[in-house]
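K.L.:
the following comprises the amino acid sequence and a computationally predicted model.
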Amino acid sequence: MAYLDQFLQIVVRQDASDLHIAEGEPPKIRVHGDITPIRAEPISHDEARRMLSEVSGPRNWELLSNTGISILPIRWMSTLDFAPTTSSSPKGTPRHFD
């Protein structure tokens, strides 16, 4: 099981529309418009890297590793849609990778 799965299982159980993962912040979900932390402990740098590496694929992981990862927001809708924000993105603009 991927490390990220433990968070996605909470998303499904709570019928959440979003999963917010940001290094240095507790993981959060959005349920009916309200954003709620799902644990008190913030996401560590290693956790953020591990989750992103699980979903990015080798090519994208190499690209992201070379640009510096700062935040990993993940939205859960009908499918998993991740939009890594890298330190090289202007003003935190999400950059999407295939």
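P.N.:
Thanks, I have it. Model, not experiment: these values are computed from the prediction. Residues are numbered from 1 along each chain as shown.
K.L.:
so where do the helices sit in this protein?
P.N.:
Ranges of helices in the chain, per DSSP state H, are 5-13, 45-67.
K.L.:
who does the shortest one touch, helix- and strand-wise?
P.N.:
This means helix 5-13. strand 18-20, strand 74-76 (3 or more CB pairs under 8 Å, 6 or more residues apart in numbering; DSSP states H and E). C-beta here means a position set from N, CA and C on the backbone, and glycine is covered the same way.
K.L.:
returning to that earlier point: adding mean pLDDT, write the helices of the chain out as TSV.
P.N.:
What follows is the helices of the chain, written out as TSV (pLDDT from 0 to 100):
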stretch	mean pLDDT
helix 5-13	93
helix 45-67	82
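K.L.:
quick one: closest of those helices to residue 38.
P.N.:
helix 5-13 (5.3 Å; CB to CB).
K.L.:
hang on, the earlier thing: dump the helices of the chain to JSON lines, plus distance to residue 30 and mean neighbour count.
P.N.:
Formatted as JSON lines, the helices of the chain follow (distance: least, CB to CB, whole Å; neighbours: other CB atoms under 10 Å):
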{"stretch": "helix 5-13", "distance to residue 30": "9", "mean neighbour count": "14"}
{"stretch": "helix 45-67", "distance to residue 30": "18", "mean neighbour count": "15"}
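K.L.:
re earlier: rank the helices and strands packed on helix 5-13 by pLDDT, which is bottom?
P.N.:
Mean pLDDT per stretch puts strand 74-76 lowest among the helices and strands packed on helix 5-13, at a mean of 41.
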